[in-house]
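Asks: the following comprises the amino acid sequence and a computationally predicted model.
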Amino acid sequence: MDPTPQEPRQRQSGLARRLMVDLTPLRGSSDLRALVIGQTASVVGSQLTAVAVPYQVYQLAHSSLDVGLVSLAVLGPLLAGSLLGGSVVDSVDRRRLLVGLELLMALISIGLAVNAWAGPALWPLFVGPALIGGLGTSEDAALSAVLPAVVHRTEVAAANALLQAVFQFGLVVGPAGAGLLLATAGPGAVFLIDAATFLVAAVATLLITPQKPASGSRPPGFRSIAEGLRFVRGREDLQGVFLIDLNATVFGLPRALFPALATGVFGGGATTLGLLYAAPGLGALAGALSSGWVGRIERQGRAVILAVLAWGLAITGFGLVRLLPAALLLLAIAGCADVVSAVLRGTIVQLSAPAVLRGRLAGLQIAVVTGGPRLGDLESGAVAGVVGATGSVVLGGVLCLAGTMALVQALPGFRQQKQDPAEARMAGYRTGSGRPVSRAPRRHRSSG
């Protein structure tokens, strides 16, 4: 049974406090502070490597096809790591699992650094990122399962927003830092720094309390995964979370068309392309940093629907405009809407799942989040071959809107999903300067 929260001592005051990302969970939970520190280092390091790998592949092979194949090689391990990793998450101590995964990824990054310094071969640049991708989705599933155990239920949305801010910060800082490091120190130094960030994350994770599996957990494997899928089959709120994100990313994510749009529509080059890629991330960062109000939303399902509709409208508008500033603004709006949707979708999954199933449902969500954009790249590229790049963007945006409305009608349980009103009200308060409401890990219990 969830701990009963204390009466709120102090309302959040002032418009700025209500809008800016809520730091209350950080003040109340030392476990969350440790996770945020570790994940900040890890995300920045991972984004350094995300730039260094294709850079070095192109240097060695002088082939854009090889660069694309490196990305494709990661897809299988991403899906396997999220689904199989999710079943492992529910059967072991999640703190130990996180530490082990972070140490393994550090070793792989060290291997990439050695390869870079020892006369680089091409094959490690395929194998290393694929392994890190699979381990990384398992890490994400474990982190998602741990989060509801280290903060109060009323603070889960705020904690998700904090981690989204960390992730978006890494998306902005990492690539910029990678450019400078690659130019001055080379890929080997970048990979070594990434390894160091994984070690920082491992040390930070060791500082949190043990995260034992819930009672009744299954051994990992396909039966365990099937149990999670059966649970989702009976829950329209969870089906809506997964399907609405899949719909938005398959039809409404035109990133594969950015190179063609940068040159053919906006008349620019590499700088314009960089701006197109950066705009959604900047919008998402702004959305995460101004997410203080998100935790107070009571009708979370309806809010996700509105956020995805805003995404679809912004992407459709992006396909129609011909002025670069307007295009960048619309992409930033799309990114802002997406981060609101992401925070709420993650919160719905975490609070709807029994503790014994959290890892598997988190893994399923991560499979959707990682697989959908790659299917979207395929869809937008294929459609562009028939109707052109701008036509593909506009059609994708329209299909995203239509698909969202179809899901709204098909899944009334998702449309009607809402947070407990008392919890929504509590999320609008700070807990004061006294002891936290409850920070003990909620082990051996079911929620949802």
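Replies: That came in fine, so what should we check first?
Asks: what is the neighbour count of Pro220?
Replies: Pro220 has 19 neighbouring residues, counting by other CB atoms under 10 Å. C-betas here are computed from N, CA, C, even on glycine.
Asks: next, it: secondary structure please.
Replies: Pro220 carries the three-state label coil when classified by DSSP: H, G, I helix; E, B strand; the rest coil.
Asks: got the contact list for it?
Replies: Residues counted as contacts of Pro220 (CB atoms under 8 Å, 6 or more residues apart in numbering) are 84, 87-88, 90-91.
Asks: can you put those in a markdown table and add pLDDT and neighbour count?
Replies: Listed next are the contacts of Pro220 as a markdown table, based on pLDDT from 0 to 100; neighbours: other CB atoms under 10 Å:
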| residue | pLDDT | neighbour count |
| --- | --- | --- |
| Leu84 | 88 | 21 |
| Ser87 | 89 | 26 |
| Val88 | 90 | 23 |
| Asp90 | 88 | 31 |
| Ser91 | 89 | 19 |
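Asks: wait, which of those residues is closest to Ile366?
Replies: Leu84 (11.6 Å; CB to CB).
Asks: which strands or helices does the one helix or strand the closest one maps to pack on?
Replies: For Leu84, the host element (DSSP states H and E) is helix 64-89. Other helices and strands packing on helix 64-89, by 3 or more CB pairs under 8 Å, 6 or more residues apart in numbering; DSSP states H and E, are helix 30-61, helix 124-150, helix 222-233, helix 358-387.
Asks: what's the most buried one of the ones you listed?
Replies: Counting by mean count of other CB atoms under 10 Å, helix 124-150 has the highest mean neighbour count of these, with a mean of 24.
Asks: next one: that one to chain centre, how far?
Replies: Its chain's C-alpha centre and that of helix 124-150 lie 11 Å apart, by CA atoms, centre = their mean, to the nearest Å.
Asks: quick one: average pLDDT of that helix?
Replies: For helix 124-150, mean pLDDT is 92.
Asks: what's the next secondary structure element after it?
Replies: Beyond helix 124-150 on the C-terminal side, the first helix or strand identified by DSSP H and E is helix 156-184.
Asks: buried set for that following helix?
Replies: By neighbour count, and taking 16 or more other CB atoms under 10 Å as the criterion, the buried residues in helix 156-184 are 156-175, 177-178, 181-182.
Asks: of the contacts of Pro220, closest to Leu399?
Replies: Distance to Leu399 across the contacts of Pro220 (CB to CB) is lowest for Leu84, with 31.5 Å.
Asks: list the contacts of the closest one.
Replies: Leu84 makes contact with 138, 220-221, 225, 363, according to CB under 8 Å, 6+ apart.
Asks: one more: Asp338?
Replies: 248, 280, 284, 287, 307, 311.
Asks: which element is it on?
Replies: Per DSSP H and E: helix 324-352 holds Asp338.
Asks: go ahead and confirm Ser352 touches Gly234.
Replies: No: in this structure, Ser352 is not within contact of Gly234 by CB atoms under 8 Å, at 11.4 Å.
Asks: now the contacts of Leu84 in JSON lines, with distance to Lys212?
Replies: Shown next, in JSON lines, are those (distance: CB to CB, whole Å):
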{"residue": "Ser138", "distance to Lys212": "18"}
{"residue": "Pro220", "distance to Lys212": "15"}
{"residue": "Gly221", "distance to Lys212": "20"}
{"residue": "Ile225", "distance to Lys212": "21"}
{"residue": "Gly363", "distance to Lys212": "19"}
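Asks: spatially, which two of these are the most separated?
Replies: By the measure CB to CB, Ser138 and Gly221 form the most distant pair in those, at 14.3 Å.
Asks: how far does stretch 79-94 sit from its chain's centre?
Replies: With CA atoms, centre = their mean, you get 17 Å for stretch 79-94.
Asks: just the CA atoms of that stretch, as CSV, please.
Replies: Output of stretch 79-94 as CSV, limited to C-alpha atoms (Å, rounded to 0.1, in the frame of the first residue of the first chain):
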residue,chain,number,x,y,z
LEU,A,79,14.6,-4.1,-29.5
ALA,A,80,16.1,-7.2,-27.9
GLY,A,81,17.6,-5.2,-25.1
SER,A,82,14.4,-3.4,-24.3
LEU,A,83,12.1,-6.5,-24.3
LEU,A,84,14.5,-9.1,-22.8
GLY,A,85,16.1,-6.6,-20.6
GLY,A,86,12.7,-5.6,-19.2
SER,A,87,12.1,-9.2,-18.1
VAL,A,88,15.5,-9.3,-16.4
VAL,A,89,14.7,-6.0,-14.7
ASP,A,90,11.7,-7.5,-12.9
SER,A,91,13.7,-10.5,-11.6
VAL,A,92,16.9,-9.0,-10.1
ASP,A,93,18.1,-6.2,-7.8
ARG,A,94,17.7,-3.2,-10.2
